[in-house]
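Novice: need a 3D model of the sequence below.
(2 chains)
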Amino acid sequence: MKKLTKLTSVVLSAMLAVSMLAGCGDTASTSAPAANSTDNSAEASAPAASGDAKTFKIGAIGPFTGDAAIYGLAVKNGADIAVKEINLAGGINGYQIEYNSQDDELDNEKSVNAYNALKDWGMQVLVGSTTSGCSIAVSAESSADNMFQLTPSGSAADCIATDNAFQVCFNDPNQGVASAQYIGTTGLATKVAVIYNSQDPYSSGIYAKFAKEAENQPFEIVSAEAFTSDSKTDFSVQLQKANDKGAELVFLPIYYQEASLILTQASSAGYSFKFFGCDGLDGILGVDNFNKDLAEGVMLLTPFAADATDERTQAFVKNYQSNYGEIPNQFAADAYDAVYIIKAAIEAAGATPDMSVSDLCDAMKAQMSQISVDGLTGLSMTWDAQGAVNKAPKAMEIKNGEYSLIQ
Amino acid sequence: MAFLSYLINGISLGAVYAIIALGYTMVYGIAKMLNFAHGDVIMVGCYTVFSVVSMMHLPVWLGILLSIVVCTVLGVTIEAVAYRPLRQASSSLTVLITAIGVSYLLQNLALLIFGANTKAFTSVVPIKAVKIGDKLTITGETIVTVLACIIIMIVLTLFVNRTKAGRAMLAVSEDKGAAQLMGINVNRTISLTFAIGSALAAVAGVLLCSAYPSLTPYTGSMPGIKAFVAAVFGGIGSIPGAFIGGIILGIIENLSKAYISSQLADAIVFMVLIIVLMVKPTGILGKKIQEKV
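Specialist: Numbering: from 1, shown residues only, chains lettered A, B, ... in the order given. Take a look at the predicted model:
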């Protein structure tokens, strides 16, 4: 027994040592290139040369592991690409950007921990959090610090409740309204069923606005069924109700994990609905071992299409693919845009890295309602006083196992 | 017709709960402990089938067989390593907490090995859905699940009542000390119980993931809790009780989703549990135990 304890303690301490090393390695690898490029810029640009290597420190938070890892990793990588591009092109106002990202595992509390970790690192501007719940949790902290917060993909209306927080993506009410209008104007269906997660502010928020807008549209909601996070595996009842009420289209304002189950169960029960969703469905083709045939014809409203033909999108997709080996989704594009929006706001404000976090935030806030940014997720994006973005949605359809833009 | 369809889906869901509940109830009946890691053994079974069938592309029967073997070995090992040394412990709470610890251990191991991303499980049931009339469809998974549940239940009842090992279980469940005096190897009997319970967990896992094909390290935890409720509902320790409890729970859950509110279904399920326990504290088929002071 004594031997065993000894062994365990050796193993445990070894693990601890390894994890510490891994931690060091990470920070070293993220900061090293930035530090190098800082030196370059110090020679190149006058303002930076006068002070000692000053940089803008941008932090990102998202779930890099866990249920929504597809989103978090996309945000991390998308922002990284933008930071590298900007640094190569000479930085913001001549100052280089340092970039760091932290995992929150889709947990509100861990997201706040990640925020504090980034703050200790010296973060001045936050890209995050990736998801709505975490974003709201972090905004409580960031508003106390008056730190500029730009969530790439936290779409709940409450994400921007504090005046230091802004969104890159559509907020949920907008997604609900836009979905209803799209279904109505294109005449996709006259009888629509909805399946939503009543426990999730993202899902129930979209549903509420969708239902309201549906009253003005030439279709009828024949069944609206909820599920909760504790019972998100069995959808037989919800699907059967939709079928019994004669629905032609099922609206899914939910995340892709549950949607993949719904598609599988609908197919095994022999129902043939059209499916329509929002940006939460983005990622469904990335589920391990998922039968992509089931997603054929699924439509979603999302502001980014990897197969768009404009030069910037193609360059981004190519860059992302060569670095991370996969086609970027909307979240990657949102994060990429987020960094460029921050750049635009800082440039418009003429801010410098030696300003305090709070002064920097005030300067950027004042510019947010003035600037207009052309991004991958929308041209001439503008922001209203609340911090919500204004841009045109794009509808996509899954064809031959890929997302493609509906013209 | 719609009602019939809801009912059938409810029975199918309930049959999965029943198979899981059998594992809970046997272990409780014999070892007098709540094995909260049972739900996670299910998850291990699912990942085994997933690895063998979807990742290595080996035949389905081999996957199921391996999953049963892995779960059985896992169950017996957990019992020997984590529970047996604590069996003589003064408080039964110790074992309960250990079980919760084992549950987290298994979840986090799966998280480490397979990652947190949802895996789509390919159904191992080759039977196509049966259509009766226009409105009624019975999926192949439903048919197999219900049949499997009935067969398991009958075999288990026969085993417990007719075989030597089964009777040893009954004896141990009634009085551990007396059984030992009669020459029954208590440790071996409890190991056997864990082996059977875990093998059932493997079967339940395969059926669960075939019907609801998404696999994460937490796949087993919610069905595990519901099945525990089913076991208590039917009378914990009673094999037919677990069966009845599971089926009733599944039906209540589905019908309340269909006719009352899809949002309140879980609340209703647990409310029914509370009412049943208030009227009949030992569950539907539970034996009334008189404690002698």
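Novice: is residue A:112 in contact with residue A:136, as I believe?
Specialist: No: judged on C-beta atoms under 8 Å, residue A:112 makes no contact with residue A:136 at a distance of 10.6 Å. Yep, even glycine has a C-beta here, placed from its N, CA and C like the rest.
Novice: what residues does the stretch 101-250 of chain B put near chain A?
Specialist: When proximity is defined by C-beta under 8 Å from any C-beta of the partner chain, the stretch 101-250 of chain B lies next to chain A at B:111, B:115-123, B:129, B:131, B:135, B:137, B:139-141, B:211-214, B:216, B:222-223.
Novice: redo that, cut-off 6 Å
Specialist: B:116-120, B:129, B:137, B:139, B:212-214, B:222 (C-beta under 6 Å from any C-beta of the partner chain).
Novice: quick check: mean pLDDT of the one helix or strand residue B:191 maps to?
Specialist: Residue B:191 is part of helix B:186-211, with elements assigned from DSSP states H and E. In this model, helix B:186-211 has an average pLDDT of 92.
Novice: mind listing what's buried along it?
Specialist: By neighbour count on 16 or more other C-beta atoms under 10 Å in any protein chain shown, the buried set for helix B:186-211 is B:186, B:189-211.
Novice: just stretch A:300-308 next, same as before
Specialist: Buried, per 16+ other C-beta under 10 Å, within stretch A:300-308: A:300-306, A:308.
Novice: on that earlier part again, elements contacting the helix holding residue B:191?
Specialist: helix B:2-31, helix B:38-49, helix B:60-78, helix B:140-162, helix B:164-174 (3 or more C-beta pairs under 6 Å, 6 or more residues apart in numbering or on different chains; DSSP states H and E).
Novice: tell me which residues touch the nearest residue in space to residue A:132 that is not next to it in sequence, please.
Specialist: Take residue A:132 and drop its neighbours on the chain: the residue closest to it by C-beta to C-beta, 6 or more residues apart in numbering or on different chains is residue A:156, 3.7 Å away. By C-beta atoms under 6 Å, 6 or more residues apart in numbering or on different chains, the residues touching residue A:156 are A:132, A:172, A:201-202, A:205.
Novice: switch to 7 Å and redo it
Specialist: Residue A:156 makes contact with A:132, A:136, A:171-172, A:201-202, A:205 under the criterion C-beta atoms under 7 Å, 6 or more residues apart in numbering or on different chains.
Novice: so which of those residues are in helices?
Specialist: Counting by DSSP state H, the contacts of residue A:156 place A:132, A:136, A:172, A:201-202, A:205 in helices.
Novice: most neighbours among the residues you listed, which one is it?
Specialist: residue A:172 (28 neighbours; other C-beta atoms under 10 Å in any protein chain shown).
Novice: pretty sure that residue is touching residue A:206, no?
Specialist: Yes: between residue A:172 and residue A:206 there is a contact at 4.7 Å, judged by C-beta atoms under 7 Å.
Novice: please identify which helix or strand holds the spatially most central residue of chain A.
Specialist: Nearest to the geometric centre of chain A sits residue A:153, at 3.1 Å (C-alpha atoms, centre = their mean). Following DSSP H and E, there is no helix or strand that holds residue A:153.
Novice: let me know whether it touches residue A:128 as I believe.
Specialist: No: with contact defined as C-beta under 7 Å, residue A:153 and residue A:128 do not form a contacting pair (9.2 Å).
Novice: any idea what residue A:249 is bridged to?
Specialist: residue A:192, residue A:274 (DSSP bridges).
Novice: that one and residue A:187 touch, don't they?
Specialist: No: look at residue A:249 against residue A:187 with C-beta under 7 Å: they stay out of range, at 10.7 Å.
Novice: who has more neighbours, these two?
Specialist: residue A:249 (20 against 9).
Novice: follow-up on the earlier one: turn the ones in helices among the contacts of residue A:156 into a markdown table, including pLDDT and distance to residue A:313.
Specialist: Shown next, in a markdown table, are the ones in helices among the contacts of residue A:156 (pLDDT from 0 to 100; distance: C-beta to C-beta, whole Å):
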| residue | pLDDT | distance to residue A:313 |
| --- | --- | --- |
| A:132 | 87 | 26 |
| A:136 | 92 | 30 |
| A:172 | 79 | 25 |
| A:201 | 80 | 30 |
| A:202 | 83 | 26 |
| A:205 | 87 | 28 |
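Novice: among those, which one lies nearest to chain B?
Specialist: For those, the minimum distance to chain B (C-beta to the nearest C-beta) is 14.6 Å, reached by residue A:201.
Novice: show me the shaky parts of the chain.
Specialist: In the absence of a named chain, chain A is used. Residue ranges of chain A with pLDDT under 70: A:1-53, A:407.
Novice: hm, I was asking about chain B
Specialist: B:90, B:288-293.
Novice: picking that back up, which of the buried residues of stretch A:300-308 sits closest to chain B?
Specialist: residue A:300 (18.0 Å).
Novice: so what does the stretch of helix or strand the closest one belongs to touch, helix or strand wise?
Specialist: Following DSSP H and E, one finds residue A:300 within strand A:299-301. Applying 3 or more C-beta pairs under 7 Å, 6 or more residues apart in numbering or on different chains; DSSP states H and E, one finds that strand A:299-301 contacts helix A:172-186, strand A:395-399.
Novice: output the shortest one as PDB, nothing but the C-alphas.
Specialist: Extracted C-alpha coordinates of strand A:395-399, given in PDB (Å, rounded to 0.1, in the frame of the first residue of the first chain):
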ATOM      1  CA  ALA A 395     -29.300  32.200 -46.600                       C
ATOM      2  CA  MET A 396     -27.400  28.900 -47.200                       C
ATOM      3  CA  GLU A 397     -28.400  25.500 -48.200                       C
ATOM      4  CA  ILE A 398     -26.500  22.200 -47.600                       C
ATOM      5  CA  LYS A 399     -25.800  20.700 -50.900                       C
END
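Novice: hmm, residue A:173 is touching residue A:155, no?
Specialist: No: counting by C-beta under 7 Å, residue A:173 does not reach residue A:155; the two are 9.3 Å apart.
Novice: looking at the two, which one has more neighbours?
Specialist: Neighbours per residue, other C-beta under 10 Å: of residue A:173 and residue A:155, the larger number sits with residue A:155, 29 against 19.
Novice: which SSE is the more buried one in?
Specialist: Short version, using DSSP H and E: residue A:155 is in no helix or strand.
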